[in-house]
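J.: Make a model of this:
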Amino acid sequence: MKQICLLIVLIDISCNVFSQDTSKAIFMNSYLTNQSVKLSPSKITEYFHEIDNTLLRMDRMGPPASFESAYNLNVFDYFNLCDSFDSDLKKNVFKQTSNYKILADSLKSIRAWYLNSAFYDFGFDAVSGQNFTEEANDGYSQKAYAVNYNIQRKGFFIGIGDVLPYHCSNFFLPKVVKEVEFSQLSITKVYNLFQSKRSYTQYIFIPMEQDAALEIENNREDIEILRVFNLKSINTATYADPDFIAENGKPCIVKIVKGGSLRLLIYNKKTERIYFDKLYIQLKTK
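T.: The predicted structure follows:
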């Protein structure tokens, strides 16, 4: 009982903090709706919230993820009460109490906070998500980088992660970056992976003038990639393009986090000069 009372006190405090942030959240939402609204990278990390490392439960036996538990309004998972209420009967009895109602109401506020906030993260996927300091494995003694300026296209192609159709996992899906799908992204597929014939690296194109690109290539260690975005839902998605059908023999059905708008910045960490700043507006759904 002491544990439950302490949780209620902490939740009351956190809900007050969430409500105080509402006006700022409304104002900062314009950053993800209007390209003309500008912020320095340091202000972004000050105003916005750093995203959780894990948004979905890894597997049925794995620890619960805060966002998924909040989105599903799962009081027992979110507040780590499964050990205290370790049977369906105990849970059902607790659901009839005023303490449960307080926790359930607070979780609704936390869910609303997740869905009405904006978050930031650095870089792309850990597997094949590229940055400007990654060296290419080309077999030469001199340094060669995986991300170099494409003179013909006048920009950079940057890998955001691998797609493994045979694996059917939310970590290896098209237009998914660290568990979050941004369906509005335009990607280029390069079938360069050994895992299977239909496995590929997905790239996005960053247009840039040569002078700015040269600054990036001359200061690679100081260049950072920053993503600002919001979260919309947890969906069951179906992938049935030729790559997935060929590898699986059937569509891939998997749970994903649906992202909203995405703002992508490439900048110098020391000077905060921004070389690229683009808002990818969320696609309208029917």
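J.: tell me the SS of residue 236?
T.: Here residue 236 is recorded as strand under DSSP: H, G, I helix; E, B strand; the rest coil.
J.: who touches it in this structure?
T.: 253, 254, 255, 256 (CB atoms under 8 Å, 6 or more residues apart in numbering). (Glycine included, C-beta is placed from N, CA and C.)
J.: Now, these that are in helices?
T.: Using DSSP state H, no member of these sits in helices.
J.: Looking at the residues you listed, spot the one nearest residue 159.
T.: Of all the contacts of residue 236, residue 256 has the smallest distance to residue 159: 19.8 Å, by CB to CB.
J.: can I get the contacts of residue 236 in a markdown table with distance to residue 164, pLDDT and neighbour count?
T.: Output for the contacts of residue 236, formatted as a markdown table (distance: CB to CB, whole Å; pLDDT from 0 to 100; neighbours: other CB atoms under 10 Å):
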| residue | distance to residue 164 | pLDDT | neighbour count |
| --- | --- | --- | --- |
| 253 | 16 | 95 | 12 |
| 254 | 12 | 93 | 19 |
| 255 | 17 | 93 | 13 |
| 256 | 15 | 94 | 20 |
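J.: Of those residues, which is the nearest to residue 99?
T.: Taking CB to CB as the measure, residue 255 is the one of the contacts of residue 236 closest to residue 99, at 30.3 Å.
J.: Now distance to residue 137 too, for the contacts of residue 236, in CSV please.
T.: Shown next, in CSV, are these (distance: CB to CB, whole Å):
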residue, distance to residue 137
253, 35
254, 30
255, 34
256, 31
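J.: So which of those residues are in strands?
T.: Under the assignment DSSP state E, these contribute 253, 254, 255, 256 to strands.
J.: I'd like to know the average pLDDT value across stretch 197-216.
T.: Here stretch 197-216 scores 96 as its mean pLDDT.
J.: Please report how far the residue nearest to residue 190 when sequence neighbours are not counted lies from residue 234.
T.: Leaving aside its chain neighbours, residue 190 sits nearest to residue 201 (5.1 Å; criterion: CB to CB, 6 or more residues apart in numbering). For residue 201, the distance to residue 234 (CB to CB, to the nearest Å) stands at 26 Å.
J.: give me every residue that touches the most centrally placed residue in the chain.
T.: Most central in the chain under CA atoms, centre = their mean is residue 180, positioned 4.3 Å from the mean C-alpha point. By CB under 8 Å, 6+ apart, residue 180 lies in contact with 55, 229, 231, 256, 257, 258, 259.
J.: Let's see which of the residues you listed end up in strands.
T.: Among those, the members falling in strands (DSSP E) are 229, 231, 256, 257, 258, 259.
J.: coming back round to it: now the residue nearest to the centre of the chain. Its backbone dihedrals?
T.: phi -110, psi 130 (degrees, to the nearest 10).
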